[in-house]
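Asker: Got a sequence here, can you build the structure:
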Amino acid sequence: MDFGRLPDLRYVDFRLPPDHPDTARVLTRAQPTAPAAPGLYVGCPIWTNKEWLGSYFPLGAKEPDYLHYYAQQFNSLELNTTHYRIPDAPTVRRWRAAVGPGFRFCPKLPRSISHERELYNVDSLALTFTRAIAELDDRLGPCFLQLPPHFGPESLPRLERFLLDWPADIPLAVELRHPRWFADRVLADSVFATLEALNKTLVITDVAGRRDVLPQRLTTPVAFLRFNGHGLVASDFQRADEWAARLADWYAQGLHAAYVFIHQKDVRHAPIWAQHFLGRVHALTGFPIQPPRPIPQVVQGSLF
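Answerer: This is a model prediction of the structure:
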């Protein structure tokens, strides 16, 4: 994820801002329906990580089996492939069959909807997409609408119309990128309230160059975090500790589930960050969490 990435981190204040005042209210209201075992879903934006062969994947694994092995390391996936092409039903069924019942896919809405048509006249595309990803059934987590950087507040009526038409039985998270969504506190609070009223989750994006997209405002009892790391520098782990503490606090207040997606330039760094992050969450919450681990590799014997 290049959005908000900086080449020089020396002057970035990575400390998490305090919660938005309305976050506590959202969580308090959600307490009566909180599950006995809240969800924590952690993953990456892709599963075809050849760099994991011989470590997190078996050395001889074939590409069609990568998703199966990925799901043994992570329990969620930011499904970016759907951003470029709406999959057919057989493909979606194969994805579902490759993972276990505790796994959650978070499909990214097609760019034909979000970027090319910018939510104009997309009813047919949205219907095709939602019918396809419905095949994921119990493996479906929140879908993810990423609005383009130039999609600003002047397009709010169009966004509202799209959200009103979105199927109520398919959870949806929305990522806002244009700076003007956040520059005016009154406007921002109005947009957040709209998402809350429509039961849509606000995406929280933790990136170096855009600290404004980190409002710490939950609009549903689900947290959807996109985390941009920088090669396992010290601040990556400090931020992991802060996020673990913040999520632990939100769980204590009534959070139902959190989705955390790790973006690192080198995909070999994502499992290492996840190990640290999940270890901290476990220490703070006691949640039974299985972090990614390198798997024992079968070594061929030699005749010589």
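Asker: longest helix anywhere in this protein?
Answerer: The longest helix of the chain (DSSP state H) is helix 234-253.
Asker: who does the spatially most central residue of the chain bridge with?
Answerer: Per C-alpha atoms, centre = their mean, the C-alpha nearest to the average position across the chain is that of Phe261, at 4.3 Å. Judged by DSSP bridges, the bridge partners of Phe261 are Gly43, Arg226.
Asker: re the thing from before, pLDDT on the longest helix of the chain, on average?
Answerer: The average of the pLDDT scores along helix 234-253 is 98.
Asker: follow-up on the earlier one: the residue nearest to the centre of the chain reaches Arg226, doesn't it?
Answerer: Yes - judged on C-beta atoms under 8 Å, Phe261 makes contact with Arg226 at a distance of 5.2 Å. In short, each C-beta sits where N, CA and C put it, glycine included.
Asker: mind listing the strands for the stretch 1-150 of the chain?
Answerer: 39-44, 76-79, 104-107, 143-146 (DSSP state E, counting those that start in this stretch).
Asker: average pLDDT for the third one?
Answerer: What it means is strand 104-107. Mean predicted confidence for strand 104-107 is 98.
Asker: again with the second one
Answerer: If you average the pLDDT over strand 76-79, you get 98.
Asker: Mind giving me the packing neighbours of that strand?
Answerer: Secondary-structure packing of strand 76-79 (3 or more C-beta pairs under 8 Å, 6 or more residues apart in numbering; DSSP states H and E): strand 39-44, strand 104-107, strand 257-263.
Asker: try it again with 6 Å
Answerer: Applying 3 or more C-beta pairs under 6 Å, 6 or more residues apart in numbering; DSSP states H and E, one finds that strand 76-79 contacts strand 39-44, strand 104-107.
Asker: residues in contact with Pro18?
Answerer: Not one residue lies near Pro18 by C-beta atoms under 6 Å, 6 or more residues apart in numbering.
Asker: and the gap between it and Arg246?
Answerer: With distances taken as C-beta to C-beta, to the nearest Å, Pro18 is found 10 Å from Arg246.
Asker: what is in contact with the two at once?
Answerer: Contact criterion C-beta under 6 Å, 6+ apart; residues shared by Pro18 and Arg246: none found.
Asker: So which of the strands of the stretch 1-150 of the chain is nearest Ala234?
Answerer: Ala234 sits nearest to strand 39-44 of all the strands of the stretch 1-150 of the chain, at 20.9 Å, using C-beta to C-beta.
Asker: Give me the angle between that closest one and strand 257-263.
Answerer: Strand 39-44 runs at 10 degrees relative to strand 257-263, counting by axes from the mean of the first three to the mean of the last three C-alpha atoms, to 10 degrees.
Asker: which outside residues touch strand 39-44?
Answerer: Against strand 39-44 from outside (C-beta under 6 Å, 6+ apart): 74-77, 104, 257-262, 270, 274.
Asker: Buried members of the residues you listed into ChimeraX, please.
Answerer: To isolate the buried members of those in ChimeraX, using 16 or more other C-beta atoms under 10 Å:
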select :74,75,76,77,104,257,258,259,260,261,262,270,274
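Asker: could I get the contacts of strand 39-44 as CSV with distance to Phe287?
Answerer: Formatted as CSV, the contacts of strand 39-44 follow (distance: C-beta to C-beta, whole Å):
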residue, distance to Phe287
Phe74, 15
Asn75, 12
Ser76, 15
Leu77, 20
Arg104, 16
Ala257, 12
Ala258, 10
Tyr259, 14
Val260, 13
Phe261, 18
Ile262, 18
Ala270, 20
Ala274, 14
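Asker: which of the contacts of strand 39-44 lies closest to His150?
Answerer: Among those, and counting by C-beta to C-beta, the member closest to His150 is Phe261, at 23.3 Å.
Asker: Which residues are in contact with the closest one?
Answerer: Gly43, Glu78, Arg226.
Asker: please redo it, this time with the cut-off set to 7 Å
Answerer: For Phe261, the contacting residues are Gly43, Cys44, Pro45, Glu78, Leu225, Arg226, Phe227, by C-beta atoms under 7 Å, 6 or more residues apart in numbering.
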